[in-house]
Structures are given as C-alpha cells and as structure tokens.
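Trainee: this is a predicted model, with the sequence first.
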Protein chains: 4
Amino acid sequence: MDTKRPTVPAAEEILGGYFPVLDHGFVSLVDYMGSDEDIERAARVSYGYGTRKTSQTRGLVRYLRRHHHTTPSEMVELKFHCAMPIFVARQWVRHRSANINEYSARYSLMPLLFYTPKAENFALQSQANAQGREGGASAKVYEEAVRRWEELRSGAGEGYSWMIEENVARELARIDLPLSTYTQWYWKIDLHNLLHFLTLRVDDHAQWEIRAFGEVMAGIVKRVAPLSYEAWIDYDVQGRTFSRGEREALARLVVSGEDGRLEAREGSALSQNDLKGFGLSPREIRELVAKLERPTARDFELDLSSMRDAEDVAREMAEAVPSFE
Amino acid sequence: MDTKRPTVPAAEEILGGYFPVLDHGFVSLVDYMGSDEDIERAARVSYGYGTRKTSQTRGLVRYLRRHHHTTPSEMVELKFHCAMPIFVARQWVRHRSANINEYSARYSLMPLLFYTPKAENFALQSQANAQGREGGASAKVYEEAVRRWEELRSGAGEGYSWMIEENVARELARIDLPLSTYTQWYWKIDLHNLLHFLTLRVDDHAQWEIRAFGEVMAGIVKRVAPLSYEAWIDYDVQGRTFSRGEREALARLVVSGEDGRLEAREGSALSQNDLKGFGLSPREIRELVAKLERPTARDFELDLSSMRDAEDVAREMAEAVPSFE
Amino acid sequence: MDTKRPTVPAAEEILGGYFPVLDHGFVSLVDYMGSDEDIERAARVSYGYGTRKTSQTRGLVRYLRRHHHTTPSEMVELKFHCAMPIFVARQWVRHRSANINEYSARYSLMPLLFYTPKAENFALQSQANAQGREGGASAKVYEEAVRRWEELRSGAGEGYSWMIEENVARELARIDLPLSTYTQWYWKIDLHNLLHFLTLRVDDHAQWEIRAFGEVMAGIVKRVAPLSYEAWIDYDVQGRTFSRGEREALARLVVSGEDGRLEAREGSALSQNDLKGFGLSPREIRELVAKLERPTARDFELDLSSMRDAEDVAREMAEAVPSFE
Amino acid sequence: MDTKRPTVPAAEEILGGYFPVLDHGFVSLVDYMGSDEDIERAARVSYGYGTRKTSQTRGLVRYLRRHHHTTPSEMVELKFHCAMPIFVARQWVRHRSANINEYSARYSLMPLLFYTPKAENFALQSQANAQGREGGASAKVYEEAVRRWEELRSGAGEGYSWMIEENVARELARIDLPLSTYTQWYWKIDLHNLLHFLTLRVDDHAQWEIRAFGEVMAGIVKRVAPLSYEAWIDYDVQGRTFSRGEREALARLVVSGEDGRLEAREGSALSQNDLKGFGLSPREIRELVAKLERPTARDFELDLSSMRDAEDVAREMAEAVPSFE
C-alpha cells in the first residue's frame, strides 16, 4: 500500500512476522507510528523560532533521553500481537500505560497450550535475592516436576473439555486451568512507556520468562527507532544511578583536572567504615561495588531466521482448542 | 486518633472490618479521604466569585454526576484490602486508574485456598449472550465438577508444596496453581473511577463472581459518600442511554405539553419496521424494549453482621500456607 | 512510500494538510495508525475460537460502542498538529490521556498572533447557564471591545519584543502575553479517548472556540474511521442518558406490544407533580423535555477547499515572530 | 474529630494552613491519606508468608525507592489547595497523574492579582542553557519592565472589568488577561507521582517560579512521610545517573579492594580523548565533571512562621475581584 506517513524499511521487513518466545509464545509487530525522526519533529515544536537548529537527530535523541525529556518519544507508537503464559501476562499487565485487548475465556475456548520450563531454566529459590532464582535444580527434581506438570495439565485439560462438552459456562469451565496456560493479546504502547517497560523487564530482577519477551521486543524497537534504542542501551539499560552517599564516595576518589581531564585521586581510598559514614548500608556498599564494574555489553538483535508466518502460528493455536459439538 | 481531616462516622464504623465475599475472599475498607462535602468544596473552587451559592450539597452532587462533571468526585479516595480468585483479579486489574499492591508469588508462599462455586451459581453457557451464563447445570454435572475440582486442586497443592520443599524457585513452583487460587491486594482509587468500575462490575454482564465483590464495595461507598452513592444509583446503575434512533422513536410516542407536562401521543404506535426505519437493528429493538420497562430498585446496603476481624481473616490465610522447613 | 501497514485512502488524502480554525489556528492530521478494520481485528482476539464469526465490521463496531466496550477502539491512534489560543489550550490539556508536545515559550520566541472573536461570536453571559453565553452584545460594545483588544495586544507585543531585545529571559518576557495568544502543539491520542474528548467538545456546553476545533477533528475522524464516526454520532453525540426517574416516567407513557411494537399508552399523562414524585427536580424536568424532542441531525464533514499547505502556514507563523538581533 | 485512620501529628499541625509562595500565591495541605508506615504495610502484602520480616520501616522505604519499587508509595495520597500564576499552572498541569479542580473563568470572576518578579529574580536569557536564565538584568531594565507590567495589567484589568459591567460572557471577557494572572486549584496526587513531580520541579532546570512552589510542597512531604522524604533526597534529588560511557570511565579510575573497600586506581587518568572514546560528547563530559563534584546538601524545611489562616487568604482573593452590579 502507498502512504504519505513516515515509513521505516527495517520495521516493514518484520511487520506481521511472528517471533517465537518460550515453547508456545510469540511476539509480532503488527503496526507502528513514527520513528526517531518523528521524535525530533515533535521536539522541534518546543525548540521553535529563535533557537539554534544545529543538532543532528542522533544528538537530539540522546540529549532528550539523558535528560528525561520523555514527551517527544511518546509520539512514536507500536502495536504488538503476543502470546504468553498467564503468569507472565499477570506481570505484564501491571504496566498501565498500554492499550490491551486480551483473548476472552468468557466468550471463547482456550487453546490447551501450557508452558513447560526447560531444564536449564528450572532453578532454585535464590538465597541472596528474595524474589529470584539461582543455581539449577537437580535433574531428578526436574524430571519429577515434568511428570507432575504433565499429569496436572492433562487433568486440567480433560476437566475443561468435559465442562465445555456439558455446556457449562465457559467463564466457569476455565477456572481450574493453570497459570501456565497461554493467553494472547494485542498490546499497543508509545515508545517512551515501552522503553520504561523494557528497562524493567530485560533487567536481571525480572522473572526469566518475561525477560524472554522483553528481549524480542527490544529487538523490534531497534528496527523501528534505532537511535532511541541505542540511547536507551547507553543511558538506561547500562546506566546506573548513584545516590548522594555514593557521589560523596566518588568525589573522594576521582578529581577533575584541566580540560575535562579526570584523574584517580592520588592515594585515596575508602574503607567500609568510611562508606558507612556517607550513610551507605552494607547492602548499598555491595550494590556500589557492582555498579563500579565495567558494564557488560548488551544488545537485542532479532534473529530473523526464527520469524514465522501468521497463518502458521494461528493454525497451531487453533489445533490446540478442544473440539466439541 | 485525633484529626482535623474530614471524617465520616458511618465509614469509621466499618474501617478495618473484613466483609466476606465468595468462599474465601474479602473486601475491607482500610482508609478513605473525603466525602460528599469535599466534592462540593472542590466544585466550589470552579464556581468562585460572582456565582450563586444557593445549591445544597445534594443538589450539587446530583447535578455534577448527571452532567458528567467528574473531576470533583476524583477528590475523594478509598483504599481497600481485598482477596479474590486469580481469574477475578485478572478482570479487576484491567481498570487502570487504581493503585495496586498485590501479594507476590515470587517472594512469598501462596495460601492454598481455591474458589469453589456453589451449586446455585454453577450455570450453563448462555445462548443469547455470548459471554454469559444462564440456567442451572444438572445436579449430576455439578457433583462431577466438584469431584474434578477437588482432585485437581489437591494435585496442584501437592505439586506446589513438593516444589517448595525441594527449594524450587517460588516463581516457578506456582505456575501450575489454578486460576481459582485466591490472591490478595491493596487497591486504592478515587471515587469517580471507583464508581465507573462499579457501574461495569455490578452490571448483569459482569461475571457473577466479580459482581459479588462489586456489591460489597458499593455498600462501602454508600457509607463513605452517601449522596454520591444515591446519585450513582439514579443516573448510572439505573440510567440507560437512548441513541439517536431510539430518541426518534420516543419523540413520536411522547409529547410535552404545557408546564412540563408529558403526554402519551394519542394513538401513536411504531411497528418493528418503523423502528428499523430509524436505523435500529433487531438486537437494538430488543434492547429498547428492555430499557422501556420500569427499572427495578437496586441497593447495596452492607450486612454489618457479616463483618469479621482482621486478625481472624489473617489467621485463616496463614493456616492455608504450606508449612515447610 | 510503500507500507504493509493498514492504510486508509480517505485519510491519506488529507494527511499533512492544514485546516484553518478561528483567525490564526489550525488542525492537521500528521499521522494515523489503523482504522475500523483494526478495531474489528482487536475485538476478534476476544471473540476467539468457538464463537460465531457472522458479524460484519459495521455491526460489530456499533455493538462495541453501544455497549461501551471501548478497548478495541483504543487500538487506533491519531496524531495532530494544532495551533490554538492559550485559553483554548488550557481547556484542551485537561484531557489527560493524550500525548502532547507544546511549543515552549521558555526556549523559543512566540509568534505575536492573537485571537479576535468575530462580531457574531461576541456574546453576553447566559442567564440560564452559568458557564455559557447567549444573545449578541451590541455592535457598540463589540467595537469598543475590538479597540481595547488591539490596544492591549499592541502593548503586550511591544513589551515582549522590548524584553527580547534587552535579552531578558524568554520565560519572563512572556508572562504578560494575553491568554488570547496562539500556541501550538503535537497531540496524539487513541480513538476511544479522542471520541470521548470530542463528545465533550462538540457539545453546546463547551466554549464556542474549542468547539470549532472539535468539529474539524470530528471531520478528520470521519475519514480515518468512518464506521466508528457514524456509531459515535448515533450513540454519543445524539444519544442521551435517561435516569431512573426518567425511565419511570417513560414506562408510564410507552408500552411495548407484540413483535417489538411500541405504543403510546392510551390516555397516559404525567403532570409536573407526577414527575417530581419520581424524584426529578424542576431542572431535571426541563432537561427531560429537551431530551424528548427529535434529535437534530449533526455531521462534521470537512471542507477540503479550505485545506492549506504546511509551508504556507509555517511561513505565516514565522512572520509573526518579533525580529531581533 | 476522632478517626481510626492512620494519623500523622506533624502533618496535622500544618493541615489547612496556607504557605505563601511568590507575591500572591500559596500552597496548603488540605488532606492526606497514610504515611511511611502505610507504604510498609502495602509492601508487606507482597512480602507475605514465608519471607523474612526483619526490615525496619526506614530500611524498607529506602530499599523500595532505591530499586524503583514505586507501587507501595502510591498508597499515600496528598491533597493541596494552591494558587499560582497561569504560566506556572500551564507547566504544572502537564503532570497528568494528578486530579485537578481549577477555578473556572467561564463561571466565575477572576481576582485581578498578577505576578510581579522581584528584582533579584529578573534575569537574562542564559547563553549556556537554552531554556534558562542567568545573571541579573540591569536595574534600569527592571524598572522599565515594572513600569510596563503595571501599565499592561492596569489596562487588562480595566478591560476585564468593563466587559463584566457590559455583561459580556465571562469566557470572552477573560481572554486578554495576561499569563501572569493568578489562578487556583485543588490538586490531589499520590506520593510516588508527587515525588516524581517534585524531582523535576525543584531541579535547577525548572523555571524559578515553579521551583518556589515545589520547595514548599517538598517541605510538606517531609511532614507527611519523613522517611520517604529522606530517601527521595538521597536517591533522587541528590542522586545522578551515570551512563554506560561514564561507568566505563569510573571503572578505570576506581577499583574495589577486599571487604568492600574502594580505592582510587594508582596513577589512572583519562583525557578528553579517552572519554570521547567511551562515546561521551563534549557536553556529556562537562555533565560528568559536574556529577563528580560533592553534592551540596538540600533540605526543604517549612517555615512555620509564614503560615497563614485560610480566612485571611480567602479575604485577600475576594477583595481583588472586580465589583459589579
């Protein structure tokens, strides 16, 4: 189709393609509005008559992101079609700034597709981090877990199909489906709020399963608005906030010389006690040490070879719906 | 405690009390800000110098609601503590204007409490209404449903407890809990958005289980802001919108005489075909007929005798958590 | 440009064109995402497997709007470039669901363009409606008003230009510009929230000047999503809500016969006192009488002959900026 | 009044008191819901059964803020009555997460109160910072500015009063009031969004006039939720984000030793060119140098001696309304 709207070839290339996530999930970009140039155009309405116009798009996009001038990036919008386990959907939906149309289990029949973690993602409760996982569970425990999942899901699926056959209201028939059941939705959001969502969701503290979705969506952003993506990596994903106390510490260790030159302050050192003196708790001191390590590179390039057809994906979903009269 | 803030005795009477909903759920008002008089006070900042001040609070509150002047009622805020099955929470959370803190199954252990519909609420899929239920299922089907629920939940609970014993990450252990499992949250919202939520959720089209929560919350509103509650019943719960085509029909059937007198227009009648001529579909004609019936009274008075202590409710929850080392 | 995105020829025809509003304002559609078919597509994710698929797009769009199922229409997004007097912008900005980038008077120089009401829009304070206008002011008063406006704006413009010359901070130089000064912004919103905005802003109770903008935007919606526009006219613009008390009255005057036939109830009439008995105030009785009149047709067709080039409009703005060294 | 709701004596002490801001503006706390303990209580619903309960309120509040776990602080709500010049209100209103009831110039008569900057705040356009001010203007320019302001406002006030006398619609009579005219509103917001607002508005980049309001509101927060206030100062007001490139630089200059000891890396230095090699622009290098300076202490203690009575303030406003028949 022909359009006068801003168009991004790299986004068009993947538009309507389906990227698999986990065992039965997917993310697909189904529409987009605008790109980096439209962020610039929106910002220019603020920088109007009587202002210098020398900035290049990249410099402006980076400046805006660094200084949290977020309104111009709200001018870009993305629309996705996604499928994910319900426990992932429950975390996802907490981001309130998106528009959502979810598959309705009151009207419609649920495809009987369930998420099964792979052995390498089946982990123990973290000791250090109350909400995380760490280390791997033993192969034996994993095998037993798989056996139990299969048995439970088989029972839940049979129960669901039986109630549908008996014409029980669908809204009741579904109440014992497990949280691992896949649901799907259309999800539309502006770029500013999407990047905020992704910052939280590609982070180590997010549950691994939702991170898998975040990483694919980040790869899609890279195609729709590459300069915003790059700035987001540099300032958000790899950026870290230093508190008042942490800045007190840095100011003792680093000194700025002439011409913007930075130097380690000769012989300067801070003990745990010194750091406590700046108000840092033991936990904050550990966090500070981690922040002072060199950032490891992160990138979210899409694997185009994994992209699937919409029809293919739809067929797989349809075949998992219980058949009935 | 002593306060200079606006205080409502009828709300204080139930503050911190727990009203049971369904078999293991509850709603409790844990805090509130303002009442009908604060809506008036906020509206008065719009109706400032040089305006008439004769309106009484009730008249003003009703005028504002009738004319969709909603901002003054945003000045009242309510905070609830609620427990509900996850499938209910999933519908509830779609109202994006509330603040939510939900129990985290990543950090914490889930109480093994599941919702079991009563026989009288166990219904068939509606033929007329794609999303509803109607008629009752046979006693035999209900018995079999209960048997299956018990078996599935017993299996899901055992699986969960076993994984917790094996120290599997909690965020993974919970993925096969059923949608009937109870969760809980703090939920805070302003009165305008709460009434919008309640209009949708006490409606016949809402799933019966969420309506049960809506009805208790409506009863709480009646205590916090009784004039707003009354206006909401009159203009929203019992009000109906008539479309252009429906107003064309009414204008043929009703005529206004002198002094605001209304009269049925002598001998006037409209056939199905006449109504189609105004653009009404067969479905809209059925809807119009329903709207022209006398509204049946609705009220949501709380049953104070059902109110329970916070400690009581907390103990019941705690006892349902799987014990482990 | 070539795109795989949904494209609407009637919207493309006006994309980037500028529609004049008031004496120096404009509305321009600069981007859009989706149309009626995308509302249907989003709704279909709710009406999934095991549901009937017979509805046509028009019927579905009308059903969704009539029953306030608003989420599918959030899937369509429109982006506008607009210029309006600041007092209009202040009303407009209260709709919080839009994304905005406004021209910054802290960074940039303001074009010295001011809104001058025409004689036919220069009206007296309404006696009946505390916030409205009615009747026309005398020609003499209007002439004097124009003289005063010209004098004030000339003074304000000179003061502004003088401070800019003296290099006073722009954020201070602008503080005595009048509320009639034009500002401009990019404004992006989803279709659901746009139609809510337009319902309020094309209404008689809205200030005439913002209505002028609403009417052009409604004409743009008609091109982007014609079925949604039509449903909006029928159910929102021309629809009216009848309260519990008003429905009590209607139920006495109209009776439904066989086959969806409606009849005026033989000899039925309601006096003012009867209506008061249903809880209606004198003001509500007047409102009811108005609602029972035949709705007058409303339509917001764009006048394509008024459409201007972006460059043209930009030049006019630029020429109104005070020149300085 | 007696209440079971959480009550904060330090907040009660100022409740309903009016703190002057600028020449005719004010901020008053008129209601509040909750405090630091309620943030803890809300967080505890996430940290449920099977979690350690050792954290103290202060540690938990700081942890939540440091890690951007913002939902618990949404459980505290504050309501303000404020008066400010319209150009300040225009910046303020861009924060969309608040509830607002503004004085209506369509219904009501505007008090003729205008903001006059003091000599010490009357500054030149900044050369370094496109949106800022710097240095002072000459006394002569200031005198001339005052003269012009007085003349313009006198004309605007006369024009307004004359139109009101002529019974011109108020919504038209006000269009030539200057942006320096005071307006007022009720403004209600949760603590999370309030602190986000305040972070932006007490910042050097905010216009001085809105900062004056932000500083008083920060002082109010200190009374309502002192632990959240302290954490906000440490992590937000005085915290700074370091980008990927900046962290690359820090990692070269600082090394962590045993036991959480931090040391300046012996002889390590980075030239401008080295910093450019990490991707930093010249502007970012200047920003980095500033961030490495010791943070200067900030505090926003209220001056209780300036607190005024509501009646006093209301009388002053009322007396500025043009009298008419």
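Mentor: That came in fine, so what should we check first?
Trainee: quick check: the residue of the stretch 1-150 of chain A nearest chain B.
Mentor: Per CB to the nearest CB, A:Arg133 is where the stretch 1-150 of chain A lies closest to chain B, at 3.5 Å. (Glycine included, C-beta is placed from N, CA and C.)
Trainee: neighbours of that residue, how many?
Mentor: 21 (other CB atoms under 10 Å in any protein chain shown).
Trainee: for it, give me its contacts.
Mentor: A:123-126, A:208, B:169, B:171-172 (CB atoms under 8 Å, 6 or more residues apart in numbering or on different chains).
Trainee: can you say which of these are buried?
Mentor: Buried positions within the contacts of A:Arg133, assessed by neighbour count (16 or more other CB atoms under 10 Å in any protein chain shown), are A:123-125, A:208, B:169, B:171-172.
Trainee: can you tell me which of the residues you listed are in helices?
Mentor: A:208, B:171-172 (DSSP state H).
Trainee: those: which ones sit near chain D?
Mentor: Taking CB under 8 Å from any CB of the partner chain as the test, chain D is in contact with none of these.
Trainee: that older thread, give me the pLDDT for the residue of the stretch 1-150 of chain A closest to chain B.
Mentor: Looking at A:Arg133, its pLDDT reads 80.
Trainee: in the sheet, who's paired with it?
Mentor: A:Arg133 has these beta-bridge partners by DSSP bridges: A:Gln125.
Trainee: now it: how far from A:Asn121?
Mentor: Using CB to CB, to the nearest Å, A:Arg133 is found at 9 Å from A:Asn121.
Trainee: residues shared between the contacts of those two?
Mentor: A:Trp208.
Trainee: give me the element A:Ala251 is part of.
Mentor: helix A:244-253 (DSSP states H and E).
Trainee: just confirm A:Glu77 contacts C:Glu77, I think it does.
Mentor: Yes: counting by CB atoms under 8 Å, A:Glu77 does reach C:Glu77; the two are 5.2 Å apart.
Trainee: what touches both of the two?
Mentor: Shared contacts of A:Glu77 and C:Glu77 (CB under 8 Å, 6+ apart): A:33, A:188, C:33, C:188.
Trainee: now intersect those residues with the strands, please.
Mentor: If you go by DSSP state E, the shared contacts of A:Glu77 and C:Glu77 have A:33, A:188, C:33, C:188 in strands.
Trainee: what's the single longest helix in chain A?
Mentor: Longest among the helix segments of chain A by residue count, using DSSP H, is helix A:139-165.
Trainee: ok, A:Pro6 touching A:Ser35?
Mentor: Yes: applying CB under 8 Å, one finds A:Pro6 in contact with A:Ser35, separated by 5.9 Å.
Trainee: same drill for those two, tell me which one is more crowded.
Mentor: Shown here are A:Pro6 and A:Ser35; by other CB under 10 Å, A:Ser35 has more neighbours (23 against 18).
Trainee: the more buried one touches A:Ala10, doesn't it?
Mentor: No: using CB under 8 Å, A:Ser35 is not in contact with A:Ala10; the gap is 9.3 Å.
Trainee: quick check on the ones in strands among the shared contacts of A:Glu77 and C:Glu77: which are buried?
Mentor: Buried among these (16+ other CB under 10 Å): A:33, A:188, C:33, C:188.
Trainee: a markdown table for those residues, including pLDDT and distance to chain D?
Mentor: What follows is these, written out as a markdown table (pLDDT from 0 to 100; distance: CB to the nearest CB, whole Å):
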| residue | pLDDT | distance to chain D |
| --- | --- | --- |
| A:Met33 | 98 | 20 |
| A:Lys188 | 98 | 18 |
| C:Met33 | 98 | 21 |
| C:Lys188 | 98 | 13 |
